[in-house]
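Peer 1: Structure for this input, please:
(3 chains)
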Amino acid sequence: MPTTTTWNRHHILSLADFTTAEYDTVLQTAASFQEVLSRRTKKVPTLQGQVVANLFFESSTRTRSSFELAAKRLSADTLNFAAATSSMTKGETILDTAKTYLAMGTDIMVVRHREAGVPNAIAAEMDRLGVRVSVLNAGDGQHEHPSQALLDLFTITTLIDPDHPRMELLKGKKIAIVGDILHSRVARSNIWSLIASGAEVHLAAPPTLLPKLFAEFISEESEVRNQEFVISSSPTPNSPLPTPQLFLHWQLEPALQNADFVMTLRLQKERMTAHLLPSLREYHQLFGITSTKLQLCKPNVKVLHPGPVNRGVEISSELMDDPEFSLIQSQVTSGVAVRMALLYLLGSGKA
Amino acid sequence: MPTTTTWNRHHILSLADFTTAEYDTVLQTAASFQEVLSRRTKKVPTLQGQVVANLFFESSTRTRSSFELAAKRLSADTLNFAAATSSMTKGETILDTAKTYLAMGTDIMVVRHREAGVPNAIAAEMDRLGVRVSVLNAGDGQHEHPSQALLDLFTITTLIDPDHPRMELLKGKKIAIVGDILHSRVARSNIWSLIASGAEVHLAAPPTLLPKLFAEFISEESEVRNQEFVISSSPTPNSPLPTPQLFLHWQLEPALQNADFVMTLRLQKERMTAHLLPSLREYHQLFGITSTKLQLCKPNVKVLHPGPVNRGVEISSELMDDPEFSLIQSQVTSGVAVRMALLYLLGSGKA
Amino acid sequence: MPTTTTWNRHHILSLADFTTAEYDTVLQTAASFQEVLSRRTKKVPTLQGQVVANLFFESSTRTRSSFELAAKRLSADTLNFAAATSSMTKGETILDTAKTYLAMGTDIMVVRHREAGVPNAIAAEMDRLGVRVSVLNAGDGQHEHPSQALLDLFTITTLIDPDHPRMELLKGKKIAIVGDILHSRVARSNIWSLIASGAEVHLAAPPTLLPKLFAEFISEESEVRNQEFVISSSPTPNSPLPTPQLFLHWQLEPALQNADFVMTLRLQKERMTAHLLPSLREYHQLFGITSTKLQLCKPNVKVLHPGPVNRGVEISSELMDDPEFSLIQSQVTSGVAVRMALLYLLGSGKA
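Peer 2: Below is the predicted model of the structure:
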């Protein structure tokens, strides 16, 4: 296992204040677990006797399975809480549910909730109680989904340097994020990590799905160059960047132009019926990623999607299955290694 | 592990016939597991290779998680049966479901059902078949919930003597049980264990939620002193007690007066809408436990609740979070240790 | 563990092309696991570090628990996917779900689906991708349920020779399969295995629940002897059998006459309401198995049912509980041993 001298974080709630050293520690730790996963025996005894509770107030088989498998491969015991069959329906508050799992002996809580801020509220309560339990945000409302952004980061950096994935590999890379930016916690977490790496991030969405204001990312003057896109400078108040890094587009093409990576986002069905989109066919025509549209990008461009994919909507079916361009399967595989790394970093300091 | 020479019980269905020696064995075994849970490695190999099946015909995430974690910390394999997605909807009888889990190789069945008597019926069938499987009642209708009462017992006796919790510590203590006594399996199990300890048990509830007859607990003459409360003598036919131990009150105050412990009960939502209560606000005003009302009790009184709590109904929100008075978190922690003890006592004799 | 030199199969999707050597390997491997299950420690480390994903697009607590326990006793890690709470509702295709579990690191997928052919489609996709994951059909629509038929086979052959169950033991035995043949995947798988063993298979059902054509099993001329039954000859085109082996009856009695084993099938509730049956009472009167009707069979006849049973419909309640005739509990126990064998045979070649 890697030395973790740089790791002092007790919860993982957001990537907004992650340092480059922390990102690099996650990437390197995940790389060493990726190596473990290639062995015949894929388990390590690192978290034996510890309890990882998956508190999924919003159901997600995919993300829950990924965290559960990561925990099991670290030899932790897992508990699954699913809101549907839980005492939530009996009127218990979320904090009381979390405190119940704390009292049972949980070491790490993996929390997903449809409301933004729930993992933060649980973490704050645990800190107030002075207990050592860690909280890991597995997606909260439209806020953040840190483990997804970290696995995306791991997927693209290991593609560049399989043995030594690190932030600096992305410096100057052009990365397009396409789709429902407005409602996407995945996009929000990805923007933080990609900007921190020094990449150039281009957001493309229909005007109804692009945030009007991006106050959290834009600290200084933004500039409307034309009707098509807005350029922002420095992403965080305290570290103004020499060059603009975040670009917003109402059209797909300028985002794809010479892109190194295209990150597509899931289009929630709810959006489709909420008058935010004229039709799925029109969305696919304008913002769906196809082999033809990819010709605007760098020749060795790769496409990502957090899944589950609506085939033929966010991405064409044939492109999704093309191993030359699609990283979608790699993302899922990376997910287990990255989540092992996160649980390891949170859990190994305990006891 | 403790010697278990006093343990001959094959099922845990009810506390009605528990002996003091059995209670003390459970308390002492749980204390030794509590110690295990404070170690870095919280697992013991005691039940390795054994199968604990959680047959929850009535869903309960909290209790199921507690049993599941207890089983995993004893290194047992666990199977979860949830009625919602089960073949119960396919017309199979409960006994046939139990026999299916028996035939798969289950060693201990943890059974919860909304109907009283189901765990007993399953245990009787297992005995009739001459098999060695044990049945543990995890709550049956309005009948009993032994593991809850045992964890309550463990919580209050370890508070008095952390290293040697035992029944005699409660002799002469005044314990109030407040709330929906009539429908509460938790109350019913607690009454058995507390009376057996020699404590003085005071039940307080609105008349609509207090049993009219308490035939099971009252063997000899009861006495209506006034409109407010009834005193019963000896709880069981065979062991008439020298002094009255069970008191029923239609008001809260006489129950709280000089109480050492106050056990509050969950108010089921169903009761609230079944014309048994005028309103939640009135219930809280009359029977809800608050800091002010606690001043009637002994100065170091403690409050318990089996959870999940309706904050501001059975107990005020600020009291619930006050570590000086609330034992609610301790109860959950005790739950894992006590359930490890019960599974150990049932399981260690096998094979 | 047995030598498995005869095993080259990578998926278990259907029994249609199983060889006698393969059947015998399964039976002998299951017998050795049955022996493991009789030990004090019922676990073996065979599949440690491997992941068995139960992808149950159609819910089944019983079969899922059996596979889960089999996997745990082989020390594999298990992941449970249940369609109800899954991303299936989010529009993901079945193949994409399977590929997600593949990418997470699944070694064996146990697949159940209400549509025939889904496990085959997943297996074909895995092969196309050139990956080593195995697919095990746990029931697909009205197609096949191989593990059920194999546990039935194990149950009846171990009854004849407990230490050396093998196909040749069934040669010339008369086996009746009674009930909803038309819709039964269990019947379909059983017919393949029983005919391969050289048994004489008699199907009995009301005309509405008996297949009109049995093209897959009947290669040469069939013969309508009278209004009551049809005799088919050789079950497969390439291996015409010297004597007829498959018989279809519209009445129960000729099927039971001198039968060695009676396999009853579950009557799905849907059939009862779909005008395929006049009434449950009439069904039970005509095709329900009772002690009285069994007198037509051989004296030591045994009765099987895949469960869950509708007591008093397919089989009388008292017969079901009669250990002299009923093999229903044995079938469930056999299920764990047979599924351990199947997971072992698929999994032990990996890595």
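
Peer 1: Report the distance from stretch A:168-183 to the chain centre.
Peer 2: 12 Å (CA atoms, centre = their mean, to the nearest Å).

Peer 1: Chain neighbours aside, what residue packs nearest to residue A:143?
Peer 2: residue A:116 (3.5 Å; CB to CB, 6 or more residues apart in numbering or on different chains). C-beta coordinates here come from the backbone N, C-alpha and C atoms, glycine included.

Peer 1: Okay, buried residues for stretch A:168-187 please.
Peer 2: Within stretch A:168-187, the residues that count as buried by 16 or more other CB atoms under 10 Å in any protein chain shown are A:169-170, A:173-187.

Peer 1: Which ones among those map onto helices?
Peer 2: A:185-187 (DSSP state H).

Peer 1: Just send the residues you listed back as TSV, with distance to residue C:142 and pLDDT too.
Peer 2: As requested, these are arranged in TSV below (distance: CB to CB, whole Å; pLDDT from 0 to 100):
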residue	distance to residue C:142	pLDDT
A:185	42	95
A:186	40	97
A:187	45	95
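
Peer 1: Quick check: residue A:55 touching residue A:108?
Peer 2: No: applying CB atoms under 8 Å as the test, residue A:55 and residue A:108 come out as separate, 10.5 Å apart.

Peer 1: pLDDT below threshold where in the stretch 151-300 of chain A?
Peer 2: Low-confidence segments of the stretch 151-300 of chain A (pLDDT under 70): A:212-244, A:270-274.

Peer 1: any chance you could map the helices in it?
Peer 2: Secondary structure of the stretch 151-300 of chain A by DSSP state H, counting those that start in this stretch: the helices cover A:185-197, A:253-256, A:269-273, A:280-287, A:291-294.

Peer 1: Can stretch A:94-104 be said to contact chain B?
Peer 2: Yes: with CB under 8 Å from any CB of the partner chain as the criterion, chain B is reached by stretch A:94-104 at A:96-97, A:99-104.

Peer 1: which one of those is nearest residue C:341?
Peer 2: residue A:104 (36.7 Å; CB to CB).

Peer 1: burial of that closest one, as a residue count?
Peer 2: Close neighbours of residue A:104, defined as other CB atoms under 10 Å in any protein chain shown, add up to 22.

Peer 1: what does residue A:141 give?
Peer 2: Residue A:141 has 17 nearby residues by other CB under 10 Å.

Peer 1: Could you do the one 4 residues further on as well?
Peer 2: When counting by other CB under 10 Å, one arrives at 27 neighbours for residue A:145.

Peer 1: Could you pull up the residues touching it?
Peer 2: Counting by CB atoms under 8 Å, 6 or more residues apart in numbering or on different chains, residue A:145 touches A:137-139, A:185-186, A:188-189, A:306.

Peer 1: out of those residues, who's nearest chain B?
Peer 2: Checking these against chain B with CB to the nearest CB, the nearest one is residue A:138 at 17.5 Å.

Peer 1: and stretch A:124-131, anywhere near chain B?
Peer 2: No: shown here: stretch A:124-131 not in contact with chain B (CB under 8 Å from any CB), separated by at least 8.8 Å.

Peer 1: So what's the residue count around the closest residue to residue A:316 other than its chain neighbours?
Peer 2: Take residue A:316 and drop its neighbours on the chain: the residue closest to it by CB to CB, 6+ apart is residue A:290, 4.3 Å away. Using other CB under 10 Å, residue A:290 has 15 neighbouring residues.

Peer 1: and stretch A:181-194, anywhere near chain C?
Peer 2: No: judged by CB under 8 Å from any CB, stretch A:181-194 and chain C are separated, with a smallest distance of 14.1 Å.

Peer 1: and that stretch, how far from the chain's centre?
Peer 2: That offset, for stretch A:181-194, works out to 7 Å (CA atoms, centre = their mean).

Peer 1: those strands in the stretch 251-351 of chain A, which residues are they?
Peer 2: Under the criterion DSSP state E, counting those that start in this stretch, the stretch 251-351 of chain A contains strands at A:261-264, A:302-304.

Peer 1: what packs against the first one?
Peer 2: Helices and strands in packing contact with strand A:261-264 are listed as strand A:174-178, strand A:302-304; criterion 3 or more CB pairs under 8 Å, 6 or more residues apart in numbering or on different chains; DSSP states H and E.

Peer 1: so how far is it from its chain's centroid?
Peer 2: Taking mean C-alpha positions (CA atoms, centre = their mean), strand A:261-264 and its chain are 13 Å apart.

Peer 1: For that strand, which outside residues touch it?
Peer 2: Contacts to strand A:261-264, defined as CB under 8 Å, 6+ apart, come from residues A:152, A:156, A:173-179, A:187, A:190, A:256, A:289, A:294, A:297, A:301-305, A:314-315.

Peer 1: Number of residues surrounding residue A:19?
Peer 2: 12.

Peer 1: Next one: it from residue A:32, what distance?
Peer 2: 20 Å (CB to CB, to the nearest Å).

Peer 1: and if you look at residue A:62?
Peer 2: 24 Å.

Peer 1: So which of these two has more stuff around it?
Peer 2: Comparing residue A:62 with residue A:32 by other CB under 10 Å, the one with more neighbours is residue A:62, at 21 against 15.

Peer 1: Could you see whether chain B lies near the helix or strand that one falls within?
Peer 2: Using DSSP states H and E, residue A:62 sits in helix A:61-73. No: using CB under 8 Å from any CB, helix A:61-73 never reaches chain B; the gap is at least 11.4 Å.

Peer 1: is any part of that helix close to chain C?
Peer 2: Yes: Helix A:61-73 reaches chain C (CB under 8 Å from any CB) through A:61-62, A:65-66, A:68-69, A:72-73.

Peer 1: what sits in contact with each of residue A:55 and residue A:108?
Peer 2: Counting by CB under 8 Å, 6+ apart, residue A:55 and residue A:108 have no shared contacts at all.
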